[in-house]
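A.B. asks: Here is my input; please provide its structure:
(4 chains)
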Protein chains: 2
Amino acid sequence: MNAASFYAKAPKHLVAVDCIIFGFDEGRLKLLIMQRKVAPMAGEWSLVGGFVQEDESTDEAAARVLELTTGLDDIYMNQLHCYGNVNRDTGARVISVAYYALIRIKNHDKPLAREHGAHWLELHEIPELIFDHGKMIEDALAALRNNAQFHPIGFELLPEKFTLSQLRSLYEEIYRKTLDKRNFRKKILSLDVMEKLEEKDKTSSKKGAHLYRFDPEKYEALKRKGLVFEI
Amino acid sequence: MNAASFYAKAPKHLVAVDCIIFGFDEGRLKLLIMQRKVAPMAGEWSLVGGFVQEDESTDEAAARVLELTTGLDDIYMNQLHCYGNVNRDTGARVISVAYYALIRIKNHDKPLAREHGAHWLELHEIPELIFDHGKMIEDALAALRNNAQFHPIGFELLPEKFTLSQLRSLYEEIYRKTLDKRNFRKKILSLDVMEKLEEKDKTSSKKGAHLYRFDPEKYEALKRKGLVFEI
DNA sequence: GCAAAAGTGTTCTTACTACACCCATGG
DNA sequence: CCATGGGTGTAGTAAGAACACTTTTGC
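C.D. replies: The predicted model follows:
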């Protein structure tokens, strides 16, 4: 077989990207989902997605789709899985590559999201979704849990400056269990990957809590020492 | 936009699967790689792969491709990652979904593999591969290491009956470090996921070593107790 | 002065690490 | 009888889990 027929003989497929967009606000993990605009399943709840174009990688397609609904670029994004069942999309055979993104919910373009019919919902509020999108969310949550344990990705969900209480309640949300306040502080501070700021946050207590900032250089130093971030 | 044009307007892509096939033989981790038959890059070393057909899922395509070269079905296989860069394949734009497979090297159909120009090579013998296949192997090794630590997948690479020394040397290969004999035995036996057989294997010692067999039911019992397999 | 969240240490238990000798057997 | 790999136990150390009170300050 020559090269031309090798490639020419092979079938072509629609390839989509779907984004599981996590945010953290008011102490709760949230997901950005939207109401589908086209048939089949128009009006039903769905993840944010789109087709991969000729001139873009799947990563680029996911970033484009994300920016279209949130106005954000340069955000943390990870490929989750490629969903390739023949009948997963009832409108046509579509292979979908799913990505999960972690965004600072305060930073996103709220009017733009509204315009696209997108809404932030807490995990327990998520309605039934089209196709295999429910499974995608389930898988993304599992991946987020695994990933958060050994990589400093939690910080992607918090504002740049945050208190230890906020950080702890984020991990409590991710792991769905309460964490001992003293042990958590001891552990995260022992890793020495954050800078302690002079400023205090007084929005949630009269005493005020110190603000911290994740320091990528300190994290690199930790890795150079051969130690692993684990929380 | 109506449904017809929504799907019709989207571009279609060639979608391939590539398999990183791990085996374990003579105390060494090995990979099955082959010499490519078609241009471009004919004759160069490559992973085993093929195009996803209209009527099969990506998982099915990977299983088909694997069976074509090894004669084996019902083998352990995991999706690794979808590689979607525009120019990753120099012959055409091809999106590739990579899978890694763990096989019992003794069981595969050797003549069939030879017929396809496939060879088992140790990790340090792997030549430069076409496209991004080298990166795929790197990623697969990292995934194998992560996965082996918390899931009982090592057993997929060993014969049904194996000695503790074989099991330990497999983990030494995967982790690329020596493991203390006594601590390893203590740890793996404490998990209680293997059945100790009466038979002994005398091929590598005069005294003979007890054979063990992985017991999926014992593993399920471990999980029910809320404990995690970790080695 | 009191409510509400911030901040702080110690003890106990458990799991991992390091380490060296005897055993059984085929040749 | 000896060379070879199989098999075993203990002591020290480090990390995680459990747990309660004092501090600050706005109202």
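
A.B. asks: and the gap between the spatially most central residue of chain A and chain B?
C.D. replies: In chain A, the residue lying closest to the centroid (C-alpha atoms, centre = their mean) is residue A:101, at 2.6 Å. Distance check for residue A:101 against chain B: by C-beta to the nearest C-beta, to the nearest Å, it reads 16 Å. To be clear about C-beta, it is placed using only N, CA and C from the backbone, and glycine gets the same treatment.

A.B. asks: and the next element down the chain from the longest helix seen in chain A?
C.D. replies: Counting residues, the longest helix in chain A under DSSP state H turns out to be helix A:133-150. Downstream of helix A:133-150, the next assigned helix or strand under DSSP states H and E is strand A:161-163.

A.B. asks: picking that back up, is any residue of the longest helix of chain A near DNA strand D?
C.D. replies: No. Using C-beta under 7 Å from any atom of the strand, helix A:133-150 stays clear of DNA strand D, coming no nearer than 10.6 Å.

A.B. asks: mind listing what's buried in stretch A:161-176?
C.D. replies: The neighbour-count check on stretch A:161-176 (16 or more other C-beta atoms under 10 Å in any protein chain shown) flags A:162, A:163, A:164, A:165, A:166, A:167, A:168, A:169, A:170, A:171, A:173, A:174 as buried.

A.B. asks: Oh, that last question was meant for stretch A:2-13, not what I typed.
C.D. replies: For stretch A:2-13, by 16+ other C-beta under 10 Å, it's A:6, A:7, A:10, A:13.

A.B. asks: Would you point out the most distant pair within those residues?
C.D. replies: A:6 and A:13 (16.9 Å; C-beta to C-beta).

A.B. asks: I'd like the buried residues of stretch A:2-13 written out as JSON lines, with distance to residue A:210, pLDDT and secondary structure added.
C.D. replies: Shown next, in JSON lines, are these (distance: C-beta to C-beta, whole Å; pLDDT from 0 to 100; DSSP: H, G, I helix; E, B strand; the rest coil):
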{"residue": "A:6", "distance to residue A:210": "62", "pLDDT": "93", "secondary structure": "helix"}
{"residue": "A:7", "distance to residue A:210": "60", "pLDDT": "96", "secondary structure": "helix"}
{"residue": "A:10", "distance to residue A:210": "59", "pLDDT": "97", "secondary structure": "coil"}
{"residue": "A:13", "distance to residue A:210": "53", "pLDDT": "98", "secondary structure": "strand"}
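
A.B. asks: What about DNA strand C: which of those touch it?
C.D. replies: Within the buried residues of stretch A:2-13, nothing lies near DNA strand C by C-beta under 7 Å from any atom of the strand.

A.B. asks: close to chain B, is the longest helix of chain A?
C.D. replies: No. Residues of helix A:133-150 contacting chain B under C-beta under 8 Å from any C-beta of the partner chain: none, with a closest distance of 8.9 Å.

A.B. asks: mean confidence for that helix?
C.D. replies: Mean per-residue pLDDT for helix A:133-150: 97.

A.B. asks: can you give me how far it is from the chain middle?
C.D. replies: 9 Å (C-alpha atoms, centre = their mean, to the nearest Å).

A.B. asks: and stretch A:207-224, which residues are buried?
C.D. replies: A:209, A:211, A:212, A:214, A:215, A:219, A:222.

A.B. asks: what does stretch A:20-35 give?
C.D. replies: Burial within stretch A:20-35, assessed by neighbour count using 16+ other C-beta under 10 Å, is assigned to A:20, A:21, A:22, A:23, A:24, A:28, A:29, A:30, A:31, A:32, A:33, A:34.

A.B. asks: ok, back up a step: so who does the residue nearest to the centre of chain A touch?
C.D. replies: Neighbour list for residue A:101: A:19, A:20, A:21, A:22, A:62, A:66, A:75, A:76, A:77, A:78 [criterion: C-beta atoms under 8 Å, 6 or more residues apart in numbering or on different chains].
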